[in-house]
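# Just a sequence and a predicted model for now, questions to come.
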Amino acid sequence: MNGRTRSLWLGTALLVAAALVLLLGAGVGSTGFDSVFGALHDAVAWQILWEIRLPRTLGAWLAGGLLGLAGAVAQGLFRNPLADPYLLGSASGAALGVALALALLGTSTLATTWLVRLGLTGAAFLGAVLGVVLTLALARGVQQTLRLLLAGVIVGVVLSAARDLVTIAEPDTLQAMQGFMLGSTGFVGWAACGVMAAMLLLAVLLAAALGRVLDGLALGEATALSLGLPLEAVRAVLVAVLALATGTAVAQTGLIAFVGLAAPHLVRSIVKTTHGRLVVLSAMMGGLLLMAADVLARWMIAPQELPVGVLTAVLGGSYLLWLMHRRRAPGAGR
């Protein structure tokens, strides 16, 4: 079976699994599957199903898809399998934006009014964009990949320190910030799903179209240049895709760890394919991972729930540690 056929089978399997988990997510909650079975006859059950469970579960898939795609782009762009979507300072910038919004407006990330959620979402997205812009300014553009990577690390540290200063100056925001830092899909509605779906479609189209350039970069910059690939222009577009996908996901769900890092690894462990297909499959894998983690977080200690970011960090970190151990085992590289 060639790589294209295996990719097709994997994509089909991921879509089927996502549909099954979506149905499962519709039945996980304080009222269980009663809301699903009674939705056609009970207005309250229908409201629970349509306005809470379905958009939340679908939103988890979309946010995971954005992070998975961003992880595949980051790893291809930086030619580093440990690269994740937050490398360019977007996560630290988003956290700083939310901290400033909480300090200035006195709102809470647990608030449910659409005006407050819009304000916090906008602050997170603007903060993520600010982090990426500062990284690009410090790196003096996208010409040097290593310089861009180091600039992202520096900006992330500085913006994280600024966020800590804000929370120290305004201790009342600390508890509210915890919800954002741990990640949650609990307040994702249909409007957020629409925004994430539009951004995911745009990011997938752009990243897949530039897959050939990522394939060239995997061979080294000198080889890519010898093939006549316009590296500088393409790097700028890939950085924009990375920032857009990461900023959109973080703005809606907070900081969710390891999904963007683990999804491309899982895809590559199953099928060897080109970057054009890898970014699409990574988006689908990331969506499935986060949606399954969200359902599991709701089910484990029901009727309470775990922060989904904590669960993804534990599971994703355990998987990567196992992967590193397996590769270091005697005979693993033979």
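Yep, it's here.

# Flag the shaky bits of the stretch 101-250 of the chain, pLDDT-wise.
106-119, 142-143, 223-229 (pLDDT under 70).

# 50 instead, please
For the stretch 101-250 of the chain, applying pLDDT under 50 flags the ranges 109-115.

# And the residue positioned nearest the centre of the chain, how far from T253?
By CA atoms, centre = their mean, the chain has its centre lying nearest to L67, at 2.4 Å. Per CB to CB, to the nearest Å, L67 is found 9 Å from T253. All C-beta atoms are positioned from the backbone trio N, CA, C, and that covers glycine.

# does L88 count as helix, strand or coil?
Three-state assignment for L88 (DSSP: H, G, I helix; E, B strand; the rest coil): coil.

# Let me know whether it touches A245 as I believe.
No - between L88 and A245 there is no contact under CB atoms under 8 Å: 11.3 Å.

# residue boundaries of the helices in the stretch 101-250 of the chain?
Here the stretch 101-250 of the chain has its helices, by DSSP state H, counting those that start in this stretch, at 114-139, 145-169, 173-182, 190-209, 211-218, 221-226, 231-253.

# For the third one, buried residues please.
Okay, so that is helix 173-182. T173, A176, M177, G179, F180, M181, L182 (16 or more other CB atoms under 10 Å).

# In contact with M291, which residues?
Listed by CB atoms under 8 Å, 6 or more residues apart in numbering, the contact set of M291 reads A18, V21, L22, G25, T57, A60, W61, G64.

# Quick check: which element contains it?
helix 275-300 (DSSP states H and E).

# same thing with H265?
H265 belongs to helix 259-270, assigned by DSSP H and E.

# which ones among the contacts of M291 are found in strands?
Among the contacts of M291, no residue falls in strands (DSSP state E).

# Ranking by neighbours, what's the top pick from those?
Among the contacts of M291, the one with the most neighbours (other CB atoms under 10 Å) is G64, at 34 neighbours.

# Spatially nearest residue to that residue (excluding sequence neighbours)?
Closest residue to G64 apart from its sequence neighbours, by CB to CB, 6 or more residues apart in numbering: L290 at 2.8 Å.

# Would you confirm that the one you found contacts A257?
No - if you go by CB under 8 Å, L290 and A257 don't touch, sitting 10.8 Å apart.

# Could you check which of those two has the larger neighbour count?
Using other CB under 10 Å as the criterion, L290 and A257 rank with L290 on top: 33 against 23.

# Many thanks, we can stop here.
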